[in-house]
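> Just need the structure, nothing else, for what follows:
(chains A, B, C and D)
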Protein chains: 2
Amino acid sequence: MLQQKLATIEDVAAMAGVSIATVSRAINEPTKVADATRRRVTDAIARTGYTTNAMARSLRMRRSNMILILAPDVGDPNFSNILVGLETEASKRGYGLLIGNTQNDPSREADYLRFISSNQADGLILFTGHLPFGLGQSLTDARLPPMVAVNEPVLGQDIPFVGVDNFEGARIAAEHLISQGHRRIAFVGRAPNREINRLREDGYRAALGGAGINIDPRLIIDGDGTTESGRAAAELMFVRDALPTAFLCVNDATAMGVIISLNARRYDLPRQFSVMGFDDISFASFITPSLTTMKQPRHRMGEAAMELLLTLLAGEMPKSREVLLRAELILRNSVTRPPG
Amino acid sequence: MLQQKLATIEDVAAMAGVSIATVSRAINEPTKVADATRRRVTDAIARTGYTTNAMARSLRMRRSNMILILAPDVGDPNFSNILVGLETEASKRGYGLLIGNTQNDPSREADYLRFISSNQADGLILFTGHLPFGLGQSLTDARLPPMVAVNEPVLGQDIPFVGVDNFEGARIAAEHLISQGHRRIAFVGRAPNREINRLREDGYRAALGGAGINIDPRLIIDGDGTTESGRAAAELMFVRDALPTAFLCVNDATAMGVIISLNARRYDLPRQFSVMGFDDISFASFITPSLTTMKQPRHRMGEAAMELLLTLLAGEMPKSREVLLRAELILRNSVTRPPG
DNA sequence: TCGGCCACTGTAAACCTTTACATAGTTCAT
DNA sequence: ATGAACTATGTAAAGGTTTACAGTGGCCGA
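Okay, the predicted model is just below:
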C-alpha cells in the first residue's frame, strides 16, 4: 500500500540536464525558454510522469485554486444545476470546487471556514442567503474573503450577487394568469423575511395592481417553500372558504403541494383551478397536470457567479457587483382560462 | 484587496516564548507538552488568531485530507443524499470533499485525476460505474489511488464497493406484487450491460421463478432508466398488445414515465394497473398515484463508503471490501390487487 | 555518587515549488 | 571596440509545517 515516490521537479531537471528553475519556467512560461531546452524538458516530464505538486505550488504562491461552495442543502432541486454551471466555469479556469453542506447549522458553517483561513480555498460561493457564522459577527473586520452570493442574496451586507430577477419573474407569471382571464389569484408562499419570497410577492402585487385588481388579503398565504407548505396552504383556502381561480406559488415545490391537495380533493385540473410555479425544477414537467412555471437559467447563473468571483479574486473590477438574469415563462398544462 | 499577512506558527512561538516545534506539538499532541507551556501556547494562538496553513501541512505530511468525488451527474436524484452521507462521515474525520462532475466525458474524467496525481486529493469516490479514463488503460499499473465505488460497482475490476443489494431488493419488490395477486408482471428497464439493471432484472426473475410463474418475454422491456424510457416502454406494451397487470420498473424515474403514460391514456391507477419503482427518490411520494417503491438507504451508503475509503487510506484492512445494504419496501398507493 | 530513565523542549532537515536576482553569452547601435 | 540591451539559464531564498534527533535537567534506585 506504500505509494511509490513520485517524480519531483528535481528528477525532471536532472534528466533534462537543466536547473529546476528552467523546468518550472518551461511549464509555466514556455516562451521564456529556448526551444531546444523546452523540448528536452517536456520529454523528461513525459518520461518521468511528473506532475506538479499542487501543495508545494499553493504554499509558494499563496493560493490554492480552490473555491469553497457553501450550500445549506445539496439536495435542493435548484442546487445541482447551478453547481454544474459553477463547475463548468471553474474548470475552464483551472479551479476546483470544494463542497460544504451546512444544513444551516452555524457550527458547520464556522467549521467550513477553516478551508478559507487555512488557505485551502481562495474564495467562497454562498447559497445560504446569509454570511457564514463566524464571519457575521466581525463585520467591522474588513478582510472578508472574496465571495459571491448566488440564488439568494445576503441581506444588508452588500455582497456581490448573481441570481434571477424574482420581482420581474413573478410579475410576468402573474400577468400570464391575468391574460388568461383570472382575477382571483392567490399567492402561496408569503415569507416577508425571506428575500426571494418577498420579491416574488411584490412582483405578484405589482402585476395585479397594474391590472387594476384589488387583492383579497385572504388569498395571500404564508409558506416556507416546501411541498408540505403548499399542501397546507391549499387546505387552508378551503377552510377559509375564500377560493381563487388560480394559485401563483412562490416555487415549484409549493405548487406541487397545491396540486397534490387539489388532486386529492378530486378537482379536475386545470379546468377548475390553474396553478403556476416558479423555478422549473426537473419534476415540474412530470406531475399531472404538468406545471406551467418560470424557468430559472440555473446553468448560466452558476457560470456568471463563478466568473464574477474569479474576477474579484484576480483583483480586477467587475463590470457589476450584481447580476440579475431573467426568468423565462414555460407554458405547460396547469394553467388555462378560469371556469365559467 | 491585499490580504493582511496571516499569523504563522513562528509568530505564535515568539509570543509564547517557545520554539515552533513546541507549538506544533501543543496543537497536534497536547499530552506531550507541559501544562503551563500548553496554556501559554493556546493563549498565543487565541491572541494571534493563528490557523495552521493547510498547504504547508499537506506538503510536509504528503496528504491533503481531501477526497475527490467523481460523479457523472450531480443532478441525479440519487446523488445528493449519498453525498450528504459521504460528507457527514468525511467531515467527522476531518476530511473535505472535492467535487468532480464528469458528465461521463472521458476528458473530464482524466482532467479530474490531476487532483490525485498532484496530491490535492488522497482518495477517490466513484459514482461512475467505471474507472476514470486515464486509469483504465494502465490496469497493469498497480498503484491505483485508494478508491471506493458507490451506488454502482465498477465491473470486472475488484474495486471496493458500497451499494444496495439490487438483486434482493428487486426480488422483494416482485414478491410484493405477487403477494397482491399479480401474475402478469412486466419488467421495465432491461439493460444487460448495466450492472444495476441486470441485477434488478435477475431479482425479478428469481421472484417469479420462485412463485412458479412463467415469464412472457414480451413483458420484459429495454430501458435506460430515464423517465422518457419508461414512457416509451409503456407505449410499446400497447403496441405489442401484451399487457401486464403490474409494472416493476428498474427505478423510480422509469416508473414515473410509465405512470405518466398510463395517466395520459386515462387509465385509473392503481385500479387498472399497478406500478412499482426502485430508489425512493424524493418525488416518488408526490406523483399521483404516489409510488410504491424500494427505498435505498442513501445516507448510510454514503457514510459506509466514506468509512471504507478512510479505512483503506489509513492502510488498515477493512472488514470487507464490499458492503451491500438492504433496500426497504415502501408501501404507497401505486400498487393494489389486479383487476378482475 | 553515579548511571539510567523520564519528561520536556529545541535544532534543523525535509516536503516541492516559484521567482528575484545574478550571471553568461549574444547582438547591435554607436 | 565598447557597452547597452536582450536572451537564456542558474542560484538560492522563501513559503509554513512536522518530526527525527539531540539535548537538558530532575528523579530515583543501586
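
> quick one, what contacts the closest residue to A:D252 other than its chain neighbours?
Of all residues not flanking A:D252 in the chain, A:G277 sits nearest, at 3.7 Å (Cβ to Cβ, 6 or more residues apart in numbering or on different chains). From N, CA and C alone the C-beta is placed, and that goes for glycine too. Shown in contact with A:G277 (Cβ atoms under 8 Å, 6 or more residues apart in numbering or on different chains): A:249, A:251-256, A:284, A:291-294, A:334.

> Can I get these in a markdown table including neighbour count, pLDDT and distance to B:L309?
Putting the contacts of A:G277 into a markdown table (neighbours: other Cβ atoms under 10 Å in any protein chain shown; pLDDT from 0 to 100; distance: Cβ to Cβ, whole Å) gives the following:
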| residue | neighbour count | pLDDT | distance to B:L309 |
| --- | --- | --- | --- |
| A:C249 | 32 | 98 | 41 |
| A:N251 | 29 | 97 | 36 |
| A:D252 | 28 | 97 | 35 |
| A:A253 | 29 | 95 | 33 |
| A:T254 | 32 | 97 | 38 |
| A:A255 | 29 | 97 | 40 |
| A:M256 | 26 | 94 | 36 |
| A:A284 | 24 | 91 | 36 |
| A:L291 | 27 | 97 | 40 |
| A:T292 | 25 | 98 | 45 |
| A:T293 | 29 | 98 | 40 |
| A:M294 | 27 | 98 | 41 |
| A:S334 | 25 | 98 | 44 |
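
> And for stretch A:210-226, what's in contact with it?
With contacts defined as Cβ under 8 Å, 6+ apart, stretch A:210-226 is touched by A:171, A:175, A:178, A:183-191, A:194, A:197, A:201, A:205, A:208, A:229-230, A:232-233, A:236-237, A:240, A:242, A:244, A:250-251, A:253-254, A:257.

> go on, stretch A:10-17?
A:19-20, A:22-23, A:37, A:40-41, A:43-45, A:47-48, A:50.

> try it again with 6 Å
Here stretch A:10-17 makes contact (Cβ atoms under 6 Å, 6 or more residues apart in numbering or on different chains) with A:S19, A:I20, A:V23, A:R40, A:V41, A:A44, A:I45, A:T48, A:Y50.

> so how far is B:R114 from the closest residue to the first one other than its chain neighbours?
Computed as Cβ to Cβ, 6+ apart, the closest residue to A:S19 that is not its neighbour in sequence is A:A13, at 5.9 Å. Between A:A13 and B:R114 the distance is 21 Å, computed by Cβ to Cβ, to the nearest Å.

> Which residue ranges of the stretch 151-300 of chain A form strands?
Applying DSSP state E, counting those that start in this stretch to the stretch 151-300 of chain A gives strands spanning A:161-164, A:185-190, A:220-222, A:246-249, A:274-276, A:293-295.

> Can you add distance to B:E328 and give those strands back as a markdown table?
A markdown table is the format used below for the strands of the stretch 151-300 of chain A (distance: least, Cβ to Cβ, whole Å):
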| stretch | distance to B:E328 |
| --- | --- |
| strand A:161-164 | 38 |
| strand A:185-190 | 33 |
| strand A:220-222 | 34 |
| strand A:246-249 | 32 |
| strand A:274-276 | 32 |
| strand A:293-295 | 33 |
